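S.K.: I'll drop the sequence and a predicted model, then ask my questions.
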Amino acid sequence: MKRIITLAMLGLFSVSMLSACNTMAGAGQDVQKAGEKLEDKAQDCKDGRC
C-alpha cells in the first residue's frame, strides 16, 4: 500500500513539474516578445522617429 501511495505522489509531482515548465516557457516567450518591442521602440527613437 505504501508503494502505491508513493508512486501516486511521485506521478502527481511529475505532472505538476511538467505543467510548471510549460507555464515558465510561455512566460519566457511573453517576456521575449516584450523585449523585442522595447528594442524596436528604442531603435525608432534613436533614428529620430520617436
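M.R.: Okay, I see it.

S.K.: Next, find the distance separating the residue positioned nearest the centre of the chain from residue 17.
M.R.: Centre of the chain computed as the mean C-alpha position; nearest residue by Cα atoms, centre = their mean is residue 24, 2.2 Å away. Separation of residue 24 from residue 17 (Cβ to Cβ, to the nearest Å): 10 Å. The C-beta positions use only the backbone N, C-alpha and C, and glycine is treated the same way.

S.K.: ok, now residue 26?
M.R.: 15 Å.

S.K.: show me where this protein has helices.
M.R.: 2-46 (DSSP state H).

S.K.: Report the residue spans of this protein with pLDDT below the cut-off.
M.R.: The chain contains no residues with pLDDT under 70.

S.K.: repeat that for 90
M.R.: Filtered on pLDDT under 90, the chain yields the residue ranges 1-2, 11-28, 44-50.

S.K.: what's around residue 9, how many residues?
M.R.: For residue 9, the tally of surrounding residues (other Cβ atoms under 10 Å) stands at 10.

S.K.: Repeat that for residue 36.
M.R.: Residue 36 is flanked by 10 other residues according to other Cβ under 10 Å.

S.K.: From residue 2, how far out is it?
M.R.: Between residue 36 and residue 2 the computed distance is 51 Å (Cβ to Cβ).

S.K.: Ok, residue 38 next?
M.R.: Distance of residue 38 to residue 2, computed by Cβ to Cβ: 53 Å.

S.K.: neighbour count winner among those two?
M.R.: residue 38 (10 against 6).

S.K.: Now do that one against residue 29, distance only.
M.R.: Separation of residue 38 from residue 29 (Cβ to Cβ) stands at 15 Å.

S.K.: Please apply the same query to residue 3.
M.R.: Taking Cβ to Cβ, one finds residue 3 at 39 Å from residue 29.

S.K.: From residue 23, how far out is residue 16?
M.R.: For residue 16 relative to residue 23 (Cβ to Cβ), the value is 10 Å.

S.K.: Just want to know which of residue 3 and residue 29 has more residues nearby.
M.R.: Counted by other Cβ under 10 Å, residue 3 and residue 29 do not tie: residue 29 has more neighbours, with 10 against 7.
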